[in-house]
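**Student:** Based on what follows, work out the 3D shape:
(one chain, ligands or ions: 1)
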Amino acid sequence: MNYKKLAEKLLPDAPSISGFEEKYPPRNLAKGAEVTRLAPSPTGFIHLGNLFVAIANERIAHQSDGVLFLRIEDTDLKRKVEGAVESVKNSLRYFGIKFDEGAEIDGNNTYAPWYQRQRADIYRAYVKDLIARGRAYPCFCTEDELCALREQQTTEKKITGYYGGYAKCRNLSEEEIYRNIEAGKPYVIRLKSMGNPEHKIKFHDEIKGDITVTENDQDVVILKSDGIPTYHFAHAIDDHFMRTTLVIRGEEWLASLPIHLELFSVLDFELPRYGHNCSLMKQDGETRRKLSKRKDPELSLDFYRKEGYYSRAVKVYMLTLLNSNFEEWYLKNPEKPLEEFKFSVNKMGKSGALFDLDKLNDIAKNELAKLSAEEMLAFLEEWTNEYGTDAQKTYFTNKEYLLNVLNLSMGTTSKKRRKDFTTAKQAVELISYFFETPQRSDEYRTDAETRKQILSAFLVSYRFEDDAQTWFAKVKETAGALGFAAEMKDYKQNPEHYKGNVADVAEVLRIAVTGKANTPDLWSIMQILGDTETRKRIERAIKE
Ligand code: GLU
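**Tutor:** From the prediction side, this is the model:
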């Protein structure tokens, strides 16, 4: 067979491979600097798994003074969604992932273009070269034929795929090939695999450690009938010419590793190091399963932005899952920039990481409690501008008032730092009673008649000017006058002597003013609301 002639026939306008090595030269980086990448497909769905891998890649690149780039793997047009690249970039920016190079960042860079669809020439050159060297061939099998083959292999209990004796088009004669081409039959280009599945290869995965893989013998498609390469082929070409040193990707790609090893070898490219990152799992009753797009809204990165998760909290949790020694470091260094943590590939988990939203919520509460009122305001405002209701947006018109509200939660007026803010969405809802007439979300435990007595008596004695102590003394007085124990210890000794205790009385006031049974210090809340508003709310509650 004249392979050169065949290559010319199949890809007449593909350029020669000479020159690409010079055009995309090895990078001039210091020893130990890692070149890592993120290579999402623009499907419009960017998920936690992408962030998980992104954080690892970002740390590895930047910690070593290397490079992190963004490559868009848009070879599958059917799955392409408009605006997906922007959404990837926005989501990752939110979590502090900064790319040095890549799609829509650095179009003139030596290693550009960054969209695979714009790299057709390079792929075609190398496919042509493989055909010319007799290491790739056209396959004319139709979908139906491939389907029938799969069925046959399943019945015969054989491994499915296009390989060995099943690879029909591998053995077509020169005449048959040209006859098919002349007849206009569509074809794909397949790798002519030389592997033997009896051979086992020892492979060092940077995350999984030493593993054994079976040599590939599948004649995988490298160029589809539309002239676009498959992931396998495109990633080999791109990671070589973008001079990636370390490929950290999801473990779902581990099964394809034998194909990639053969491709790098047949292309005569030096193999980058690989690390296959474990999947994020979820406890579902008794079993653990992968987070699923259909069942788990928390898989989508949009979820975290819509809910208003503080990005540092998500990052802290991801780092906790990524590096086994992070949690301990963070306990000792809670205020330090996360970049000061020494990230190590060899401390990455070998098997599934359990993702637990409750754990993230705990971390989020801790992180938000560290913010100053001003920082909290900025964080809440950013979320509200994008996702809040019109009413919520008005909370930000009087900044001084809002700062008082936020200081009450965390600052000087209450000794305990407020730790019940989990997300921006929930925090904005929690403070809504400062801005809108409260909807009662908790029920009174005291009966209507007694409630009215409490509220009316309180109104008579209430003076806005009273300090916290005087105020509380008056609440106790009201309690005592209405048959409640003013002192807790009296109540505990003889509960049967009382209708209840001062805490029950305070609860009635609290629900009347805020709609909630649990709030920060009530005297302070009344101070912020002001005399008129406080009275108005109590009067309203009396009429309820
Ligand atoms: N486009 C692939 C994906 O989105 C990238 C895998 C890789 O990182 O190599 O899963």
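
**Student:** Tell me the residues of the stretch 151-300 of the chain that contact the ligand?
**Tutor:** Counting by Cβ under 6 Å from any ligand atom, the stretch 151-300 of the chain comes close to the ligand at His235, Arg249, Trp253. From N, CA and C alone the C-beta is placed, and that goes for glycine too.

**Student:** try the chain
**Tutor:** So the chain meets the ligand at Ala39, Pro40, Ser41, Glu73, His235, Arg249, Trp253 (Cβ under 6 Å from any ligand atom).

**Student:** Contact partners for the fifth one?
**Tutor:** Spelled out, that is His235. By Cβ atoms under 8 Å, 6 or more residues apart in numbering, the residues touching His235 are Ala39, Glu73, Val247, His260.

**Student:** Just the ones of those residues in strands?
**Tutor:** When the contacts of His235 are checked against strands (DSSP state E), the matches are Val247.

**Student:** For the contacts of His235, work out which two are farthest apart.
**Tutor:** Across the contacts of His235, no pair lies farther apart than Glu73 and His260, at 14.2 Å, counting by Cβ to Cβ.

**Student:** more neighbours, those two?
**Tutor:** The residue with more neighbours, out of Glu73 and His260, is His260; 22 against 18, by other Cβ atoms under 10 Å.

**Student:** isn't that one right next to Asp238, touching?
**Tutor:** No. Counting by Cβ atoms under 8 Å, His260 stays clear of Asp238, with 12.0 Å between them.

**Student:** From the opening residue of stretch 239-254 to its closing one, how far?
**Tutor:** End-to-end span of stretch 239-254 (Cα to Cα, to the nearest Å): 16 Å.

**Student:** Provide the contact partners of it at residue level.
**Tutor:** In this structure, residues lying in contact with stretch 239-254 by Cβ under 8 Å, 6+ apart are 20, 24, 26-27, 33-37, 39, 49, 53, 56-57, 60, 66, 69, 71, 111, 122, 205-208, 235, 238, 264, 267, 269-270, 272-279, 345.

**Student:** let's see 7 Å
**Tutor:** Stretch 239-254 is contacted from outside by 20, 24, 26-27, 34-37, 49, 53, 56-57, 60, 69, 71, 111, 122, 206, 269, 272-279, using Cβ atoms under 7 Å, 6 or more residues apart in numbering.

**Student:** Quick check: buried residues in that stretch?
**Tutor:** 239-249, 251, 253-254 (16 or more other Cβ atoms under 10 Å).

**Student:** Relative to the whole chain's centre, how far out is that stretch?
**Tutor:** 19 Å (Cα atoms, centre = their mean, to the nearest Å).

**Student:** Rounded mean pLDDT for it, please.
**Tutor:** Averaged across stretch 239-254, pLDDT comes to 97.

**Student:** likewise stretch 533-541?
**Tutor:** So the average pLDDT for stretch 533-541 ends up being 97.

**Student:** tell me how far it is from the chain's mean position?
**Tutor:** 45 Å.

**Student:** same deal with stretch 80-92?
**Tutor:** The answer for stretch 80-92 is 13 Å, by Cα atoms, centre = their mean.

**Student:** Need the per-residue pLDDT for the nearest residue to Glu307 once chain neighbours are set aside.
**Tutor:** Ranked by Cβ to Cβ, 6 or more residues apart in numbering and with sequence neighbours excluded, the top spatial neighbour of Glu307 is Thr423, at 4.7 Å. You'll see Thr423 listed with a pLDDT of 98.

**Student:** Thr423 touches Arg305, doesn't it?
**Tutor:** No. Taking contacts as Cβ atoms under 7 Å, Thr423 lies outside contact range of Arg305: 10.2 Å.

**Student:** More neighbours: which of those two?
**Tutor:** Comparing Thr423 with Arg305 by other Cβ under 10 Å, the one with more neighbours is Thr423, at 22 against 19.

**Student:** and Ile25, that one's in a helix?
**Tutor:** Not quite, residue 25 is Pro, not Ile. No. Pro25: not assigned to a helix; according to DSSP: H, G, I helix; E, B strand; the rest coil it is coil.

**Student:** Are we agreed that Pro334 is in a helix?
**Tutor:** No. Under three-state DSSP, Pro334 sits outside any helix and is assigned coil.

**Student:** gap between the closest residue to it other than its chain neighbours and Pro337?
**Tutor:** With Cβ to Cβ, 6+ apart as the criterion, Pro334 has its nearest non-adjacent residue at 7.4 Å, and that residue is Lys370. Lys370 sits 13 Å away from Pro337, going by Cβ to Cβ, to the nearest Å.

**Student:** The two: who's more crowded?
**Tutor:** More crowded of Lys370 and Pro337, by other Cβ under 10 Å: Lys370, with 14 against 8.

**Student:** What does the more buried one show for phi and psi?
**Tutor:** phi -80, psi -10 (degrees, to the nearest 10).

**Student:** where exactly do the strands run in this protein?
**Tutor:** 35-38, 67-70, 101-102, 136-139, 188-191, 200-205, 209-214, 221-223, 246-250, 273-277, 280-284, 287-290, 353-354.

**Student:** quick one: the residue of the stretch 1-150 of the chain at minimum distance from the ligand from Asp238, how far?
**Tutor:** Going by Cβ to the nearest ligand atom, the ligand is nearest to Glu73 of the stretch 1-150 of the chain, at 3.6 Å. Glu73 sits 8 Å away from Asp238, going by Cβ to Cβ.

**Student:** overlap in contacts of these two?
**Tutor:** Gln116.

**Student:** looking at it, Asn109 is touching Asp100, isn't it?
**Tutor:** No. In this structure, Asn109 is not within contact of Asp100 by Cβ under 7 Å, at 9.2 Å.
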